[in-house]
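**Q** what's the 3D shape of this:
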Amino acid sequence: MSEERPTLRTTARSLPIALLRARETVMGPIREMLAKSGISEQKWRVLRVLDEVGPVEQTAIADAACLLLPSLTRILSAMEKDGYLVRRTDDTDRRKSIVELTEAGRALIARHAEESNAIMTRLERRFGEGKVTKLLDLLDELRASGSER
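**A** The predicted structure is shown next:
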């Protein structure tokens, strides 16, 4: 007796696959930009988070940059060696490490800021600024709904 297999959605209408395809559309030009400086996407996300929030504890960076803490620890070590950031022990909790951008880290962001903005402007022109805003809102809503498991 053969068991009937459940029917899967087609890959063309699979949300995980669609999100990966969309990510590649967005990240392709950003990867090209970052290649000029030899910096990875993950390091760029760390730089962006630190630039936005200032000195912060490592777990906050991991959360905001969508990185696992063990991966972040390796990335921070490399970035510290490259002179993009410094780490120090938290004054109030000696178990925590506070991470802060250096001038070299700020300079790297500044070197790519104009091109990064131009990439996003081109995307907004092609796809529509309102659609980009709506997509971001919907993705935030989707992420929030996932935390309610």
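
**Q** can you give me the strands for this structure?
**A** Here the chain has its strands, by DSSP state E, at 56-57, 85-89, 97-101.

**Q** Please work out which of those strands is packed deepest.
**A** Comparing those by mean neighbour count (mean count of other Cβ atoms under 10 Å), strand 97-101 comes out on top with a mean of 18. The C-beta positions use only the backbone N, C-alpha and C, and glycine is treated the same way.

**Q** Show me what that one is packed up against.
**A** helix 41-53, strand 56-57, helix 58-64, strand 85-89 (3 or more Cβ pairs under 8 Å, 6 or more residues apart in numbering; DSSP states H and E).

**Q** can you do 6 Å?
**A** Secondary-structure packing of strand 97-101 (3 or more Cβ pairs under 6 Å, 6 or more residues apart in numbering; DSSP states H and E): strand 85-89.

**Q** who does the strand it packs on pair up with?
**A** Paired neighbours of strand 85-89 in the sheet (DSSP bridges): strand 97-101 (antiparallel).

**Q** pLDDT score assigned to Leu138?
**A** Looking at Leu138, its pLDDT is 96.

**Q** no wait, Gly146
**A** 84.

**Q** quick one: it from Gly38, how far?
**A** Counting by Cβ to Cβ, to the nearest Å, the separation of Gly146 from Gly38 is 34 Å.

**Q** rewinding a little: got the strands of the chain as a markdown table, with distance to Asp137 and mean pLDDT columns?
**A** Output for those, formatted as a markdown table (distance: least, Cβ to Cβ, whole Å; pLDDT from 0 to 100):
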| stretch | distance to Asp137 | mean pLDDT |
| --- | --- | --- |
| strand 56-57 | 25 | 95 |
| strand 85-89 | 31 | 94 |
| strand 97-101 | 29 | 95 |
